[in-house]
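A.B. asks: test case, fold it:
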Amino acid sequence: VLEGLFGLAKRLFDVDVVKADVTVPVWDPEVQFWQINRDGKPVAYFYLDPYSRPAEKRGGAWMDEVAGRSTVLADKAGGVRLPVAHMVCNQSPPVGGAPSLMTFR
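C.D. replies: Model (predicted):
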């Protein structure tokens, strides 16, 4: 599913989505941190929380901004703080060796 989604993002927006090569705090071991690149340079990041945890998460799927793009709040002069978002889904987790698949009803 992610390969198709990221391929579509490449086709529509000319960006590459790759696993971020940084260690960031996450709220669950299944949460992934991704980097969006344009012309080989990072332009944004996002957390992906793909799987349902009925005892902890509300139903549905949602996304929101964690940190907005900013030149004022950048780490160094002339720099830019890149935006970070989170995308929370409630997909069924993979079981055994079987992949996680989407169902439509």
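A.B. asks: can you list contacts of whichever helix or strand Glu3 is part of?
C.D. replies: Remark: Glu3 resides in helix 2-13, with elements defined by DSSP states H and E. Contacting residues not belonging to helix 2-13 are listed as Val15, Asp16, Val17, Ile36, Leu48 [C-beta atoms under 8 Å, 6 or more residues apart in numbering]. In short, each C-beta sits where N, CA and C put it, glycine included.
A.B. asks: if we go to 6 Å?
C.D. replies: Outside helix 2-13, the residues that touch it by C-beta atoms under 6 Å, 6 or more residues apart in numbering are Val15, Val17.
A.B. asks: give me the distance from that helix to the chain's centre.
C.D. replies: 13 Å (C-alpha atoms, centre = their mean, to the nearest Å).
A.B. asks: longest strand of this structure?
C.D. replies: With secondary structure taken from DSSP state E, the chain has its longest strand at strand 41-51.
A.B. asks: tell me which strands and helices that one is in contact with?
C.D. replies: Here strand 41-51 touches strand 32-38, strand 84-91, going by 3 or more C-beta pairs under 6 Å, 6 or more residues apart in numbering; DSSP states H and E.
A.B. asks: just put the ones you listed in a markdown table and tack on distance to Glu3 and mean neighbour count.
C.D. replies: Below are those laid out as a markdown table (distance: least, C-beta to C-beta, whole Å; neighbours: other C-beta atoms under 10 Å):
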| stretch | distance to Glu3 | mean neighbour count |
| --- | --- | --- |
| strand 32-38 | 13 | 16 |
| strand 84-91 | 14 | 16 |
